[in-house]
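[1] When you get a sec, could you give me coordinates for this:
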Amino acid sequence: MTIVSDHQSRPVARVEDPALLCGRGRFLDDMDPLPGTLTAAVIRSPHPHARIRGVNLERARRHPGVAAVIGPDEVLEALRPFPLSLKTPMPYYPTATDKARFVGEPVAVVVAADRYLAEDAAELVEIDYEPLPAVVDIRKALRDDAPLLHDDAGSNVATDRTFTFGDVDPIFERADHVVTGEYDFPRYSSTPMECYSVIAEWQDEVDGPAVNAWANFHGPFSMVQVLAGALGVPVSRIRLRIPADNGGSFGIKAGIYPYVALMALASKHAGRPVRWTEDRIEHLLASSAGADRAMRFEAAVRADGTIEALRADLVDNVGAYLRPPEPSTLYRCFGNITGAYKIDAVHIRSRAVVTNKTPTGLNRGFGGQQLYFGLERLIDKIAGVCDLDPVELRRRNFVQAGDFPYATPTGGIYDSGDYPKALEMLLNSAEYEKLRETQREARARGEFFGIGVATIVDPSATNIGYVGLATPAEDRRPGRGKSGSTEHVRISVDVNGVVSVLLGTVPQGQGHATVARSVVADQLGLPLEQVRPVVEMDTATTPWTVSSGSYSSRFAPLLTSALVEASERLAATLRMAGATLLGAAPEDVELAEGQVRVRDDHGRAVAFRHAAGLVHWDPGSLPAGMSARLYEEAAFTPPEAKAASRTDQINSSLCYGFVAELVAVRIDRDTRQLSIEQVCSVHDAGTILNETLLEGQVHGALAHAIGGALYEELRYSETGQPTSATFMDYLCPTTAETTYELKSEHLETPSPLTRLGAKGCGEGSCMSLPVAIANAVADALSPAGVEITTLPLHGNVLNELLNGSGRDAENTQETERNDR
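    Coordinates of the predicted model:
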């Protein structure tokens, strides 16, 4: 790994690892927090679309060991529909009520003494279905004659909005070239090692009902408000706890909240706490996934390759319901929809359609994979039209280093960067000209060898206000706007000088505790051993707000900024206490090396713990008016994160990093086997806080990207039946498929908006590498006349593309000889 920077981060080992390596992790299924907890099994629809004519639960209720069975009637009686992100007549409950709308949708729940009894009794539940025609394809769902999922809606279109920024039409009219591309991005997931897990207890208190729940949820905590709306209780009556260890999510577990409501209701009927742990088939069948998207891009281009305007028509398949936080996939990248390029005029149409697939939600890269697959494929197509190397076309259209802060037409404010420098680093790392020569030699031998490049803006620290764009400006009520990227933290110092850091970021393995400990130790001048991070979330005791959680790469820019602010306040108190002990002026002392000492005379010093002890034990000795408080809470709220404007512009993220990636691929002419020869990656995530963790994020994102680009897809038959509901059919990459030559480099252009200059870094490559691979495959197969418009690109797909091109490998080779 190479880092280009004036700053070098301190390499620190992960504090989380010893417990995990020794089998002492605390995952929810390891815990038994409530005595007498029963176990639930969920009965799910086998039909993609069917009217529920009747549900008979009596035989299951009579089964030995069964405590309760609930179905649609109990749900409708006790729960409200989940509040949606916009007004649309598509009510969403935790179970099917009138109709089942996707295979795997919950219909009933059995609660019993153990899972075996619950599963046995589940087979006794009788459901009378009337099968209905199904639709799973985006374009077919848009047709007037498509099967209607929600009768009251009158259409399968859940939202349809149009935005125009700048003089788009006149620019297109005078353009030298209008380049058009239509692309499809597939639906895939992240398959965390640990599936969904919930424990819920309904409590009927004298002052009203309450819910006490545990879940491996990770945010956004705006979903707690959604949960409260369905349960019909105030947020303050829901206590949600999340264990310290969460076996991965990558966004997928944001969709767990409907099961919290469902198990709470099951607990109400059983009179006991209820546990439910999802199995792998349930997870692949019915948990969540990133939205599949159909999109059309048009670019108005000058003869020299300058892109002057862009049109984007985006249609997301959100599955059977507009489950919150959808339709956010359409808007998360709204501020950076023009990518790394200076494009001054943009027209966007954003639609979400419902189909008989599982509802969608967060998935690593959330909205970015879809956007950049279309945009970066279009960039390569423009390069071909203008007879330019794809690298040169990008270079000509980049936002330049001197342009920052750069305002995009849609409202994004790019905070810092040097895209041309990062691109040059990438080309040097890949030895680009030499690689092109290697390609020429391979083609002379009749081989399929391709080089693909992608350059993307990596948004982090989401501004939740982008959800408001789904509602037209005239319908957004004044004073009811949504905005913000706030993150909370609490730091305290005990009588022995040990610092505790209480985080509400709910990590899933990213190393938040490690970085938080390092940041606070640096701020307070302490050894790492004197700082104790705590990452367990309890909404009753942990500082949080609706935007809290682990998503959209929030930790590095937001939580570390809150840590700095809280540490500064504590440091002021401790300097005052130390100055009192030293008989010095507070402005003349510093915190360093575990001491409070006079800045210009290090011999005059007291231990940090003694300064803390003074505040605890002898507050009367402190100067008049000084607070004897050794805990501080901070809420970092950047002013740049504002609600959508009346002109529908929004700065959809606080920070915007950059990723440049290059991939070289080789495709075997006989077997169609694709092999990745080389990956070169350059990331600019602002100030690097921990080199090891950053590189781990890069490797993890690359693995996710390879899965989405080459293997993974949640497929459905035309009739709506899932055809990839086990790992036999849903192919995840293993170490064998993710072994390749990787050259990883980092450029640091610190953000001026965060306290340490850090930006997020958890998602970049999973947005850039899929399209870089697609560009490489398109480059490799260009002599065969093959165009890449969708993913994944495994051997069967490549074989169909080559056979469908009308030119087999031998004809391709012969044509190349004639061309030479």
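
[2] buried sites along stretch 438-452?
    Neighbour counts over stretch 438-452 (16 or more other C-beta atoms under 10 Å) mark 438-439, 442-443, 447-452 as buried. (Each C-beta comes from the backbone N, C-alpha and C, glycine too.)

[3] and it, how far from the chain's centre?
    In terms of C-alpha atoms, centre = their mean, to the nearest Å, the centre of stretch 438-452 is found 36 Å from the chain centre.

[4] Determine how far the last residue of that stretch lies from the first.
    14 Å (C-alpha to C-alpha, to the nearest Å).

[5] Mind checking the pLDDT average for that stretch?
    The average pLDDT within stretch 438-452 is 97.

[6] hmm, who's touching it?
    Residues from elsewhere that reach stretch 438-452, judged by C-beta atoms under 8 Å, 6 or more residues apart in numbering: 380, 435-436, 662-669, 677, 771-784, 809, 812-813, 816, 820.

[7] Quick one: mean pLDDT for stretch 372-385?
    98.

[8] likewise stretch 142-161?
    Stretch 142-161 comes out with an average pLDDT of 97.

[9] One more: stretch 532-549?
    Here the average pLDDT along stretch 532-549 is 92.

[10] can I get the CA coordinates of it in PDB?
    Extracted C-alpha coordinates of stretch 532-549, given in PDB (Å, rounded to 0.1, in the frame of the first residue of the first chain):
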ATOM      1  CA  ARG A 532     -12.000   2.100  27.000                       C
ATOM      2  CA  PRO A 533     -14.500   2.200  24.100                       C
ATOM      3  CA  VAL A 534     -18.000   0.800  24.600                       C
ATOM      4  CA  VAL A 535     -20.000   0.100  21.500                       C
ATOM      5  CA  GLU A 536     -23.200  -1.500  22.800                       C
ATOM      6  CA  MET A 537     -26.300   0.400  21.900                       C
ATOM      7  CA  ASP A 538     -29.200   0.900  24.200                       C
ATOM      8  CA  THR A 539     -31.700   3.600  23.100                       C
ATOM      9  CA  ALA A 540     -32.600   4.200  26.800                       C
ATOM     10  CA  THR A 541     -29.000   5.100  27.800                       C
ATOM     11  CA  THR A 542     -26.800   5.700  24.700                       C
ATOM     12  CA  PRO A 543     -26.900   9.200  23.100                       C
ATOM     13  CA  TRP A 544     -28.500   8.900  19.700                       C
ATOM     14  CA  THR A 545     -30.700  10.700  17.200                       C
ATOM     15  CA  VAL A 546     -32.700   9.700  14.100                       C
ATOM     16  CA  SER A 547     -29.700   9.900  11.900                       C
ATOM     17  CA  SER A 548     -27.500   7.700  14.200                       C
ATOM     18  CA  GLY A 549     -26.200   4.300  13.000                       C
END
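
[11] Name the nearest residue to G229, sequence neighbours excluded.
    Once flanking residues are discounted, G229 sits nearest to P83: 4.1 Å by C-beta to C-beta, 6 or more residues apart in numbering.

[12] With D167 instead?
    A345 (5.7 Å).

[13] Now do P390 against E745, distance only.
    Computed as C-beta to C-beta, to the nearest Å, the P390 to E745 distance reads 20 Å.

[14] Repeat that for M425.
    M425 is 5 Å from E745, by C-beta to C-beta.

[15] Same list, the buried residues of stretch 438-452, but as a markdown table with secondary structure and distance to K253 please.
    Listed next are these as a markdown table, based on DSSP: H, G, I helix; E, B strand; the rest coil; distance: C-beta to C-beta, whole Å:
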| residue | secondary structure | distance to K253 |
| --- | --- | --- |
| T438 | helix | 43 |
| Q439 | helix | 42 |
| A442 | helix | 44 |
| R443 | helix | 46 |
| E447 | coil | 43 |
| F448 | strand | 39 |
| F449 | strand | 40 |
| G450 | strand | 36 |
| I451 | strand | 37 |
| G452 | strand | 32 |
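
[16] which stretches of the stretch 501-650 of the chain form strands?
    531-534, 537-538, 589-592, 595-598, 601-607, 631-636 (DSSP state E, counting those that start in this stretch).

[17] The longest one: partners in the sheet, and parallel or antiparallel?
    Partner strands and pairing direction for strand 601-607 (DSSP bridges) are strand 595-598 (antiparallel).

[18] swap in the shortest one?
    Looking at strand 537-538 with DSSP bridges, its partner strands are strand 238-242 (antiparallel).

[19] With just CA atoms, put the partner strand into CSV.
    What follows is strand 238-242, C-alpha atoms only, in CSV (Å, rounded to 0.1, in the frame of the first residue of the first chain):
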residue,chain,number,x,y,z
ILE,A,238,-39.4,1.4,22.8
ARG,A,239,-36.1,0.3,24.3
LEU,A,240,-33.9,-1.2,21.6
ARG,A,241,-30.6,-2.8,22.5
ILE,A,242,-28.0,-4.0,20.1
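
[20] For that strand, what is the distance to the chain centroid?
    22 Å.

[21] Check which element follows it along the chain.
    Moving toward the C-terminus from strand 238-242, the next helix or strand (DSSP states H and E) is helix 257-270.

[22] buried stuff in that following helix?
    The neighbour-count check on helix 257-270 (16+ other C-beta under 10 Å) flags 257-270 as buried.

[23] Reformat those as JSON lines; add pLDDT and distance to A634.
    Below are the buried residues of helix 257-270 laid out as JSON lines (pLDDT from 0 to 100; distance: C-beta to C-beta, whole Å):
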{"residue": "Y257", "pLDDT": "96", "distance to A634": "27"}
{"residue": "P258", "pLDDT": "97", "distance to A634": "33"}
{"residue": "Y259", "pLDDT": "98", "distance to A634": "33"}
{"residue": "V260", "pLDDT": "98", "distance to A634": "29"}
{"residue": "A261", "pLDDT": "98", "distance to A634": "32"}
{"residue": "L262", "pLDDT": "98", "distance to A634": "36"}
{"residue": "M263", "pLDDT": "98", "distance to A634": "34"}
{"residue": "A264", "pLDDT": "98", "distance to A634": "33"}
{"residue": "L265", "pLDDT": "98", "distance to A634": "37"}
{"residue": "A266", "pLDDT": "98", "distance to A634": "39"}
{"residue": "S267", "pLDDT": "98", "distance to A634": "36"}
{"residue": "K268", "pLDDT": "98", "distance to A634": "38"}
{"residue": "H269", "pLDDT": "98", "distance to A634": "43"}
{"residue": "A270", "pLDDT": "98", "distance to A634": "42"}
